[in-house]
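Participant: need coordinates for the following:
(chains A and B)
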Amino acid sequence: MKLLNEANFTFDSRSCNEAFARSAVGSFITYLDPTVSELNDIRTAVSEAVTNCVVHAYQDTIGKIFINIKIWEGGTVTIKIRDKGCGIENIAQAMEPLYTTAPSEERAGLGFAVMQSFSDSVKVRSKPEAGTTVTLTKKLSLRVSNG
Amino acid sequence: MYPKTNYDGNSLTIYLKGEIDHHNAREIREATDSLIQQNKPSLLRLDFSGVTFMDSSGIGLIMGRYRMMLLYGGKTLAVNVPEGLERIMNLSGLGALDIIEKRGELYETAQ
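Facilitator: Model (predicted):
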């Protein structure tokens, strides 16, 4: 697959930046003319991944969140959301629907379930004390040429 | 964002608007909870007609209010849910708790 376009940005893990992150990703892919539903799916999945960084990876501290977006020939979009936070010891358990380590915050434990439902694939790489990278992949229907 | 509300002596309607995410869910939760405690309604209606975006934080918000209303012996309904939010609502299993008002029912009430 040929890489057509790429963007990188970094921001603080402050909750007010959750809206910024999903909007920035949405803006970057807008020229591909995604459907309302595709755009909403991507914004939702990104919001979940970034919220995980804010709530879990950095918890009571502020760290950096790195986002990389790649647009591939044929309309496939990959979005990497990376942190240098606490990492996940048991990825399979973290991805189980309704599993949450933050019930007091009224977290529903649905973050990964939503990411999986709203993208074509979700890959998670993590190392305790080093950080986590979530890679979301979504193929757009491409109603116009994407040159 | 302090939500617009309506209380008719029985049911408390809270008109949510804009984007519901982890950042602003706390503010909405605090405002909603103080209204529930003040009024102790038998029915809480969360009106989503003005909501343009919601992630799973919104699900946590609804579930939390549902539990709180149960303590008061009251019911909770999510009403006027825009099409774009239906998928996340259904994914959450809220449908099984009969919290989401069906479109058909909505039209019947409107007529």
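
Participant: buried sites along the longest helix anywhere in chain A?
Facilitator: Looking across chain A with DSSP state H, the single longest helix is helix A:36-52. Buried residues in helix A:36-52, counted by 16 or more other Cβ atoms under 10 Å in any protein chain shown: A:38-52. Just so you know, the C-beta spots here come from the backbone N, C-alpha and C atoms, and that holds for glycine as well.

Participant: what comes into contact with it?
Facilitator: The contact list for helix A:36-52 (Cβ atoms under 8 Å, 6 or more residues apart in numbering or on different chains) reads A:15, A:17-18, A:21-23, A:25-26, A:29-30, A:34, A:65, A:67, A:77, A:79, A:81, A:111-112, A:114-115, A:118-119, A:122, A:132, A:134, A:136, A:138, A:140-141, B:21-22, B:53-57, B:84, B:88.

Participant: just the strands in the chain please.
Facilitator: By default, I'm working from chain A. A:3-12, A:64-72, A:76-83, A:121-127, A:131-139 (DSSP state E).

Participant: I was after chain B.
Facilitator: B:4-7, B:11-20, B:43-54, B:75-79.

Participant: who are the packing partners of the first one?
Facilitator: It refers to strand B:4-7. strand B:11-20, helix B:22-39 (3 or more Cβ pairs under 8 Å, 6 or more residues apart in numbering or on different chains; DSSP states H and E).

Participant: again, but for the last one
Facilitator: Counting contacts by 3+ Cβ pairs under 8 Å, 6+ apart, the secondary-structure elements packed against strand B:75-79 are strand B:43-54, helix B:56-71.

Participant: from the chain's centre, how far out does it sit?
Facilitator: Mean-position distance between strand B:75-79 and its chain equals 6 Å (Cα atoms, centre = their mean, to the nearest Å).

Participant: check the second one too.
Facilitator: When distances are taken as Cα atoms, centre = their mean, strand B:11-20 is centred 6 Å away from the chain's centroid.

Participant: wait, isn't residue A:132 in contact with residue A:87?
Facilitator: Yes - Residue A:132 lies in contact with residue A:87 (Cβ atoms under 8 Å); the separation is 5.8 Å.

Participant: near chain A, which residues of chain B are found?
Facilitator: B:19, B:21-23, B:25, B:29, B:53-57, B:59-61, B:63-64, B:84, B:87-88, B:91-92 (Cβ under 8 Å from any Cβ of the partner chain).

Participant: quick one: contacts for residue B:63?
Facilitator: Residue B:63 touches A:106, A:108, B:92, B:94, counting by Cβ under 8 Å, 6+ apart.

Participant: ignore what I typed, I meant residue B:43.
Facilitator: B:10, B:11, B:12, B:74, B:75, B:76, B:77 are the contacts of residue B:43 under Cβ under 8 Å, 6+ apart.

Participant: selecting buried members of those residues in PyMOL, what would you type?
Facilitator: Selection of buried members from the contacts of residue B:43 for PyMOL, criterion 16+ other Cβ under 10 Å:
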select buried, chain B and resi 11+12+74+75+76+77
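
Participant: any low-confidence regions in chain B?
Facilitator: Counting by pLDDT under 70, chain B contains low-confidence ranges at B:1-2, B:103-111.

Participant: do the same with chain A
Facilitator: Applying pLDDT under 70 to chain A flags the ranges A:144-147.

Participant: residues from it in reach of chain B?
Facilitator: Counting by Cβ under 8 Å from any Cβ, chain A sits next to chain B at A:15-16, A:18-19, A:22, A:36-37, A:40, A:43-44, A:47-48, A:51, A:54-55, A:105-108, A:110-111, A:113-114, A:117-118.

Participant: gap between the nearest residue to residue A:24 once chain neighbours are set aside and residue A:85?
Facilitator: Residue nearest to residue A:24 in three dimensions, not counting chain neighbours: residue A:9, with 6.2 Å by Cβ to Cβ, 6 or more residues apart in numbering or on different chains. In this structure, residue A:9 and residue A:85 are 18 Å apart, going by Cβ to Cβ, to the nearest Å.
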